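Participant: Have a look at this prediction, sequence included:
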Amino acid sequence: MIRVSVVVTTVDDDDGRLPVVLLRWLDYLKLHNDAELIVVNDGGPVGYTDQLRALVGGHERVRLEYLNPPDPAFRLAQARNMGIKISRCTERVCFTDSDCIPSSTFIPMHGTAQKTVIGIGFRKRIRDRDTHGWRTEYTVPSETELDGLAWRDDERFDEGKPVGWRGCEHVWGCNFSVPIEPLLKSGGFDESIQGWGGEDINLADRLMRKAGLKLSVLLGNYVYHMDHHPRAERSPHPFGRRGQPLVVNGGPLGRENV
């Protein structure tokens with residue numbers, strides 16, 4: 001039985017970052033028989049390389065999917081919805097990115113979060129120059145090495161309080177999870193949001209206001225972000241204003257809207 005699905009979205013192979021991330025996920029899937037990995041590519045006509053498929057090696061709990069038809073925009077909300085649609089999990093869907101190496105706590109902590117919460121983890125950032133060797137040689141550094149290279153912890157929480165004036169603005173797509181039932185009822189991510197940024201906060205806003213979910217900050221749950229120059233355009237979607245709801249869209253996935 002698959003309890004937990006992890007959905008990773010990418011633009012092509014993310015300049016060699018995705019193979020490093022895939023190798024780490026393959027290590028973790030050996031330890032967690034109740035988890036699966038879904039990678040959704042929105043990379044346009046190039047698609048996945050044969051080398052990526054060779055890395056996966058026909059693993060029964062890893063799927064590489066391709067979002068068609070090609071489009072010049074990074075349709076992050078649509079790519080994540082595709083991952084939700086094909087998920088086989090019974091309890092929780094986790095979301096992260098192809099430039100983020102998960103820590104060993106990722107699956108255990110998200111997988112044991114209560115059914116009434118949105119689980120949010122942290123990220124540690126690693127400079128681009130320090131990741132070049134991994135990306136060219138397809139090697140995976142140890143967690144100790146990653147910790148030693150991290151130059152900044154998650155800037156979402158620099159203000160001193162782990163949850164802000166409403167909380168949902170702290171939900172970032174690189175490290176969060178949602179119980180499957182309210183996720184499906186919510187309609188998933190709002191596909192009118194093009195590019196990246198805002199689609200994660202929008203979803204959290206709807207789930208908190210309409211489905212009654214709370215936030216659970218998963219202390220000690222990290223992903224290691226391999227820094228890079230922006231490759232895809234940030235969404236122009238507004239993040240909302242203090243005390244005002246974000247734009248609400250029932251979404252294309254729902255059995256019914258929450």
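Facilitator: Noted; the coordinates are in hand. Residues are numbered from 1 along each chain as shown.
Participant: Where do the strands of the stretch 1-150 of the chain begin and end?
Facilitator: In the stretch 1-150 of the chain, the strands defined using DSSP state E, counting those that start in this stretch lie at 4-10, 35-41, 62-66, 92-97, 100-102, 117-126.
Participant: again with the stretch 151-258 of the chain
Facilitator: Counting by DSSP E, counting those that start in this stretch, the strands of the stretch 151-258 of the chain are 152-153, 176-179, 214-226.
Participant: tell me what the first one is packed against?
Facilitator: Contacts defined by 3 or more Cβ pairs under 8 Å, 6 or more residues apart in numbering; DSSP states H and E place strand 152-153 against strand 117-126. Placement of C-beta: from N, CA and C, glycine included.
Participant: Can you list the low-confidence ranges for this structure?
Facilitator: 44-48, 155-167, 231, 236-258 (pLDDT under 70).
Participant: contacting residues for the spatially most central residue of it?
Facilitator: By Cα atoms, centre = their mean, the chain has its centre lying nearest to residue 96, at 1.9 Å. Counting by Cβ atoms under 8 Å, 6 or more residues apart in numbering, residue 96 touches 6-8, 102, 106, 173-175, 223.
Participant: Output those as CSV; include the columns neighbour count and distance to residue 26.
Facilitator: Below are the contacts of residue 96 laid out as CSV (neighbours: other Cβ atoms under 10 Å; distance: Cβ to Cβ, whole Å):
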residue, neighbour count, distance to residue 26
6, 29, 12
7, 26, 16
8, 26, 12
102, 25, 11
106, 27, 14
173, 22, 22
174, 18, 19
175, 28, 19
223, 24, 16
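Participant: which one of the residues you listed is nearest residue 143?
Facilitator: Among those, residue 102 lies closest to residue 143 (Cβ to Cβ), at 9.7 Å.
Participant: Skip the chain neighbours and tell me the closest residue to the closest one.
Facilitator: residue 223 (5.3 Å; Cβ to Cβ, 6 or more residues apart in numbering).
Participant: and if you look at residue 169?
Facilitator: Closest to residue 169 by Cβ to Cβ, 6+ apart is residue 201, at 5.6 Å.
Participant: Roughly how far does that neighbour sit from residue 210?
Facilitator: 15 Å (Cβ to Cβ, to the nearest Å).
Participant: ditto for residue 55
Facilitator: If you go by Cβ to Cβ, the gap between residue 55 and residue 210 works out to 40 Å.
Participant: cool, and residue 192?
Facilitator: 18 Å.
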